[in-house]
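Q: Need coordinates for the following:
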Amino acid sequence: MPEFITAFVLGLVGAGHCIAMCGGLAIASGISSRFSHALLYSLGRVTSYAIIGFVVGTAGFWLTASFKPFLLLLKIFSALLLIFLAFYIAKWNFAITKIEKISTKLWSKLAPTAHSLIKEQSYLARFAAGAVWGWLPCGLVYSVLTWAAASASPFKSAALMFCFGLGTWPALLLSASISQQMHHFLNQKPVRNTLAISLILFAIYMLATAVLQLNIS
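A: All right, here's what the predicted structure looks like:
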């Protein structure tokens, strides 16, 4: 249970990034005009996160079964990514954004479909638009996804990504009416630094635990 809460908190911590990456798209496309549309859009996006989590969790399970040290190495890697994510949140370093280039080609193929769906007014189209936007290249999502993959469990990884997605909901749903105010608050240096330091401490705990397990094994 604590891991799911942590995943939810990570979504809240990344609220500013979510507004920058997805909130503007939703507002510009008119999704924010109706709360039900914004809700369906977010539900579709979170559903995609859960599906991706299930896929990487399955991969982690099979790889761990074949090579047990892989799990510990994955935990160390995910902790390092979270530290870089904290640097991004605090605006100390933007290296994490380079990870977003990994799926650029995939997104270039999905983007036309996303833009087409997002212009439609039906509830199904709004959900489908969110599901497609869930594949938008995002360093924040990739960082948390790597951590979820370290669970080496398809369903747990999916649940962690779903909880993370739920954590991003307040930012995107509230962005329908007060996105500018919220973005301004989250962009203040003391707030950014506090969130970043909290994330770094969490990552260090993960890193220390993984290294300890590596030494024991």
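Q: use CA for all of it now, contacts and neighbours both
A: Will do.
Q: For stretch 55-71, which outside residues touch it?
A: Stretch 55-71 is contacted by residues 145, 148-158, 214 when judged by C-alpha atoms under 8 Å, 6 or more residues apart in numbering.
Q: And Phe202, which helix or strand is it part of?
A: Taking DSSP states H and E as the definition, Phe202 sits inside helix 189-216.
Q: quick revisit: among the contacts of stretch 55-71, which ones are in helices?
A: 145, 148-149, 154-158, 214 (DSSP state H).
Q: Just the closest of those residues to Pro112, please.
A: When the ones in helices among the contacts of stretch 55-71 are compared for distance to Pro112 (C-alpha to C-alpha), Leu145 wins out at 24.8 Å.
Q: Can you get me a residue count around the closest one?
A: Using other C-alpha atoms under 10 Å, Leu145 is surrounded by 24 other residues.
Q: circling back to that earlier point, got the contacts of stretch 55-71 as JSON lines, with pLDDT and distance to Val9 columns?
A: As requested, the contacts of stretch 55-71 are arranged in JSON lines below (pLDDT from 0 to 100; distance: C-alpha to C-alpha, whole Å):
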{"residue": "Leu145", "pLDDT": "89", "distance to Val9": "14"}
{"residue": "Ala148", "pLDDT": "88", "distance to Val9": "14"}
{"residue": "Ala149", "pLDDT": "87", "distance to Val9": "18"}
{"residue": "Ala150", "pLDDT": "83", "distance to Val9": "18"}
{"residue": "Ser151", "pLDDT": "83", "distance to Val9": "18"}
{"residue": "Ala152", "pLDDT": "81", "distance to Val9": "21"}
{"residue": "Ser153", "pLDDT": "88", "distance to Val9": "21"}
{"residue": "Pro154", "pLDDT": "92", "distance to Val9": "21"}
{"residue": "Phe155", "pLDDT": "94", "distance to Val9": "19"}
{"residue": "Lys156", "pLDDT": "93", "distance to Val9": "17"}
{"residue": "Ser157", "pLDDT": "94", "distance to Val9": "16"}
{"residue": "Ala158", "pLDDT": "95", "distance to Val9": "16"}
{"residue": "Leu214", "pLDDT": "65", "distance to Val9": "27"}
